[in-house]
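**Student:** task: produce atomic coordinates for the following.
(4 chains)
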2 protein chains.
Amino acid sequence: MSSSAIDSEFEHLISREIGEQKSAAPVPAAPVPARRGRPRNEAVETSILEGMLRLLGRGSSLAGLSIDAIAAEAGVGKATIYRRWPDKDALLLHLLVQLESKTEPLCERDSIRDTLIAVLERIRLNAVHRRSDTDLAMIGAEIRAIPGLYCRYHEAVIAPRRAALRELIADAQRRGELRADLDPDLLGELFVGPMLSRSLLHPDASVEDPDLAATMVDAVLGGLAANPVHSFAEGT
Amino acid sequence: MSSSAIDSEFEHLISREIGEQKSAAPVPAAPVPARRGRPRNEAVETSILEGMLRLLGRGSSLAGLSIDAIAAEAGVGKATIYRRWPDKDALLLHLLVQLESKTEPLCERDSIRDTLIAVLERIRLNAVHRRSDTDLAMIGAEIRAIPGLYCRYHEAVIAPRRAALRELIADAQRRGELRADLDPDLLGELFVGPMLSRSLLHPDASVEDPDLAATMVDAVLGGLAANPVHSFAEGT
DNA sequence: TCGATACGAGACGTTCTCGTATCGAAAATG
DNA sequence: CATTTTCGATACGAGAACGTCTCGTATCGA
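**Tutor:** Numbers count the residues shown, from 1 in each chain, chains lettered A, B, ... in the order given. Coordinates of the predicted model:
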């Protein structure tokens, strides 16, 4: 497992996002440099990635995906894979990054309560149809077994997501919806942590309850210490 | 990776816990049946297990531990390992079970608050000297990559621990220390989840703060919704 | 038409790992 | 002393996986 040539793949991704002006062709008006030989079949790339998801959905662990299995599942040659990604690590990371970019970016709701419920609900749903459209968080647990990859994955996927949530929480603090005497990161952890814990670390998790997200958010919002009124007259 | 011969290893563990009356020797007064050849060096077993912990502490993932590396680290021949455990799975499981049995069983404090803080603090400390005396939870994330093992590990280690916590919480609910309108399991998740999340999923986690456990517990106990008094006069 | 590139398929060499087998030395019993 | 078992060390076979390479075919630009 090398970990040095991945940057080239990243460069490829980024340059395509910016505007496909990577190849330094002297033709300024031609958006496509008109390469010489047979052009690449773009469907192959998606076929590979979807094949990986299919394998994951069939129970393979992320590290358990072998290049041979991926190639066979996608119906492509191994050389075709290595023509696109320098490394197995690069391929795995590409899959993860793509999964992340597919997710809509944490839409804000009317209240921080509703926003948090939406966040937790998404985690919960990913746990329910477990691995069928496998999400980052599911793999997030498995990826730890691949040492070099987790750091990259964290800074590429998890950190931005957490940062976005932190901003939303900080706004809510300024608006007076949340306690302002605690670190926004900590607040985020207090809301998201329980759902993550139940989703990731609980194989027989009870995440079926469609109201679980709301229950969790409301419980944490309201506090878990017994309200004297409730503790003495809980029947009502 | 076989997964059938583990039961014999479990039988070994259990019988030793019960009272070392496994060997059906007809001598009732002799605790040691006086086997013929050279006796086993009991230090070897601990040397192997401690070597594994050392390797884990040096950054190896649980699945990444190879028998060769373990043998070399412990200064032991591979045959010596296979004379004691039938399988690599059995060896890994033994390590996990032993780690669990080493942990003192969730002592109860004066209040549920103090109990919860103690629970979280133990998780935090395990994250701080990360993997040095590696705890179940740390490996809990890595072990998911080893499919057959996680279920056994969960029911042998995590489930009992969660059950114990649930009982403590249920008691606290009956005493009126905690809200009684929520499932004890859910309550446990709400307290423990954030610390687990920060410990397991955050490589650059900020778990250094020695008051983090208390901060978390108090925050969840008191609720995260803005108290009007605080939100308007937070400067004080 | 021709050169260049992409494609699927698969052989290949290398490395890693598991688990077994063997070897000489050491330590116990009879 | 003879036997038996354990010890560390290491050779070994089997197999999995990575990444490279080749082969014959297909598809583009020139």
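**Student:** make sure I have this right: A:Ser60 is in a strand.
**Tutor:** No: counting by DSSP: H, G, I helix; E, B strand; the rest coil, A:Ser60 is located in no strand; its state is coil.
**Student:** so what's the residue count around the nearest residue to it once chain neighbours are set aside?
**Tutor:** Excluding its sequence neighbours, the residue lying closest to A:Ser60 (Cβ to Cβ, 6 or more residues apart in numbering or on different chains) is A:Ala69, at 7.5 Å. C-beta: built from backbone N, CA, C; applies to glycine. The number of residues packed near A:Ala69 is 14, by other Cβ atoms under 10 Å in any protein chain shown.
**Student:** now A:Ala69: which helix or strand?
**Tutor:** The secondary structure element spanning A:Ala69 is helix A:67-74 (assigned by DSSP states H and E).
**Student:** CA atoms of that helix as CSV?
**Tutor:** Taking C-alpha atoms only, helix A:67-74 is exported to CSV below (Å, rounded to 0.1, in the frame of the first residue of the first chain):
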residue,chain,number,x,y,z
ILE,A,67,-8.9,-5.6,-6.7
ASP,A,68,-9.7,-8.9,-8.4
ALA,A,69,-13.1,-9.0,-6.9
ILE,A,70,-13.8,-5.4,-7.8
ALA,A,71,-12.7,-6.0,-11.4
ALA,A,72,-14.7,-9.1,-11.7
GLU,A,73,-17.8,-7.5,-10.2
ALA,A,74,-17.6,-4.5,-12.5
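**Student:** so whichever helix or strand comes after it, near DNA strand C or not?
**Tutor:** On the C-terminal side of helix A:67-74, the closest following helix or strand by DSSP H and E is helix A:78-84. Yes: using Cβ under 7 Å from any atom of the strand, helix A:78-84 reaches DNA strand C at A:Lys78, A:Ala79, A:Thr80, A:Arg83, A:Arg84.
**Student:** what's the angle from the next helix-or-strand element following helix A:78-84 to helix A:67-74?
**Tutor:** Downstream of helix A:78-84, the next assigned helix or strand under DSSP H and E is helix A:88-102. Angle between the axes of helix A:88-102 and helix A:67-74 is 50 degrees (criterion: axes from the mean of the first three to the mean of the last three Cα atoms, to 10 degrees).
**Student:** is helix A:88-102 in proximity to DNA strand C?
**Tutor:** No: judged by Cβ under 7 Å from any atom of the strand, helix A:88-102 stays clear of DNA strand C, getting no closer than 12.6 Å.
**Student:** so what does that helix touch, helix or strand wise?
**Tutor:** Where contact means 3 or more Cβ pairs under 8 Å, 6 or more residues apart in numbering or on different chains; DSSP states H and E, helix A:88-102 is packed against helix A:6-18, helix A:42-57, helix A:136-142, helix A:147-153.
**Student:** ok, it near DNA strand D or not?
**Tutor:** Yes: shown here: helix A:88-102 in contact with DNA strand D (Cβ under 7 Å from any atom of the strand) through A:Lys88, A:Asp89.
**Student:** give the buried residues for that helix.
**Tutor:** Neighbour counts over helix A:88-102 (16 or more other Cβ atoms under 10 Å in any protein chain shown) mark A:Lys88, A:Asp89, A:Ala90, A:Leu91, A:Leu92, A:Leu93, A:His94, A:Leu95, A:Leu96, A:Val97, A:Leu99, A:Glu100 as buried.
**Student:** what's the angle from it to helix A:42-57?
**Tutor:** Angle, helix A:88-102 to helix A:42-57, by the same axes, to 10 degrees: 90 degrees.
**Student:** quickly list the domain ranges of chain A.
**Tutor:** Domain ranges of chain A: A:42-87, A:103-224, per automatic domain parsing.
**Student:** most tightly packed of those?
**Tutor:** Counting by mean count of other Cβ atoms under 10 Å in any protein chain shown, domain A:103-224 has the highest mean neighbour count of the domains of chain A, with a mean of 19.
**Student:** next, the contact list for whichever residue of chain A sits closest to chain B, please.
**Tutor:** Chain A approaches chain B most closely through A:Gly223 (2.7 Å), counting by Cβ to the nearest Cβ. Neighbour list for A:Gly223: B:Val220, B:Leu221, B:Gly222, B:Gly223, B:Leu224, B:Ala225 [criterion: Cβ atoms under 8 Å, 6 or more residues apart in numbering or on different chains].
**Student:** ok, so what distance separates the fifth one from B:Asp185?
**Tutor:** Going from B:Leu224 to B:Asp185 by Cβ to Cβ, to the nearest Å gives 21 Å.
**Student:** try A:Ala156
**Tutor:** 34 Å.
**Student:** tell me the phi and psi of whatever residue of chain A ends up closest to DNA strand C?
**Tutor:** For chain A and DNA strand C, the shortest gap (Cβ to the nearest atom of the strand) falls at A:Gly37, measuring 1.9 Å. For A:Gly37, the backbone dihedrals are phi -80, psi -150 (criterion: degrees, to the nearest 10).
**Student:** how about A:Ser60?
**Tutor:** phi -70, psi 140.
**Student:** quick one: pLDDT of it?
**Tutor:** pLDDT, A:Ser60: 75.
**Student:** could you list the contact residues of chain A toward DNA strand D?
**Tutor:** A:1-2, A:34, A:36-39, A:64-69, A:77-79, A:82, A:87-89.
**Student:** many thanks, we can stop here.
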